[in-house]
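K.L.:
model this:
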Amino acid sequence: MTANTDTPPLPPPVNGTRFVLVRTSHPGNVGAAARAMKVMGFADLVLVQPRFADVLSQEETVAMASGAADILARARIVDSLDQALAGVTHACATAMTPRDFGPPTVAPRAHFAALAAPQAPAQAVAFVFGSERFGMANEDVWRCHACLSIPTHPDYGSLNLAQAVQLIAYDWRMALGGYPVQPRTADAALAGADEVAGALAHWQHTLAAIGFLDPAAPKKLMPRLNQLLNRAQLTREELHILRGIARAAAAAANAAASKD
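P.N.:
Below you'll find the predicted structure:
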């Protein structure tokens, strides 16, 4: 298809990264790809000649985007790959290198590490994905600087389009520095040495009550228990649980003794 010369040129990729989907046929894949992008913090999505002109607003697309409707709202549809690569300085095809000639085939992680290295020149990067049925045409691959080969099992390397987008988006985000893991719970407070000493005194009394410790010949039982607790690095809550067990054991021992 001839590019529409009335379409204004695209601005450079948002934050230096663009995802380009060429001739997609399934609306759900477009929505899922938008979701995969947003999860990794990317926002620039361009579609080249999708099967459906209204794909960005179709119900299935929006449903599969699942919270990434803003990515769809900002996405653009263009007539050619040349238009989609406007402002791009390094394009990566997610396809096999043509047999006769073409760009080098590289593993994403190693290639991304080199692209994002501090000493490397700043690049405006695009990741280009072909159609679900036919992949990328050779003519499109030749427009790119590298072919990305996701290291899949040699006997079965078929990936869904959105899955491929997710893998590439993840590896690229990690190369750029990634995001810190956000803990869901606060760090628990560790028990202090005085609290451990109090628990040991409690246990010593209980162990004697249940006949496990002979007060006349304690040997090294309590120091060994002290070392065990030090290695365990118990939290206050965990220490309270163990003291509760000691209280219950002592109560059971006293109840048994009273029956006798």
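K.L.:
make it CA atoms for all contacts and neighbour counts henceforth
P.N.:
Noted.
K.L.:
For the closest residue to R51 other than its chain neighbours, which residues are in contact?
P.N.:
Excluding its sequence neighbours, the residue lying closest to R51 (CA to CA, 6 or more residues apart in numbering) is S25, at 5.0 Å. Listed by CA atoms under 8 Å, 6 or more residues apart in numbering, the contact partners of S25 are 50-52, 131-132.
K.L.:
S25 and T185: what is the separation?
P.N.:
Note on S25: its distance to T185, by CA to CA, to the nearest Å, is 43 Å.
K.L.:
What of A146?
P.N.:
Taking CA to CA, one finds A146 at 42 Å from T185.
K.L.:
if you count what's nearby, which of these two comes out ahead?
P.N.:
Neighbour tally, A146 and T185, criterion other CA atoms under 10 Å: the higher count belongs to A146, 24 against 6.
K.L.:
For W203, see how far away the more buried one is.
P.N.:
Applying CA to CA, the value for A146 to W203 is 67 Å.
K.L.:
ditto for N226
P.N.:
Distance of N226 to W203, computed by CA to CA: 11 Å.
K.L.:
Who has more neighbours out of the two?
P.N.:
When N226 and W203 are compared for neighbours, W203 comes out ahead with 22 against 17, by other CA under 10 Å.
K.L.:
Apart from its neighbours in sequence, what residue is nearest that one?
P.N.:
Nearest to W203 is A246, by CA to CA, 6+ apart, at 6.1 Å.
K.L.:
mind listing what the one you found touches?
P.N.:
So A246 contacts 202-203, 206 (CA under 8 Å, 6+ apart).
K.L.:
Next, the contact list for the most centrally placed residue in the chain, please.
P.N.:
Among the residues of the chain, the one closest to the centroid is Y170, at 6.3 Å (CA atoms, centre = their mean). Counting by CA under 8 Å, 6+ apart, Y170 makes contact with M40.
K.L.:
Now do the residue nearest to T105 when sequence neighbours are not counted against M40, distance only.
P.N.:
Nearest residue to T105, sequence neighbours excluded (CA to CA, 6+ apart): C147, at 4.6 Å. According to CA to CA, C147 stands 21 Å off from M40.
K.L.:
between these two, who's got more neighbours?
P.N.:
Ranked by neighbour count (other CA under 10 Å), C147 and M40 place C147 first, with 26 against 19.
K.L.:
what about that one, which helix or strand?
P.N.:
Element membership of C147 [criterion: DSSP states H and E] is strand 146-148.
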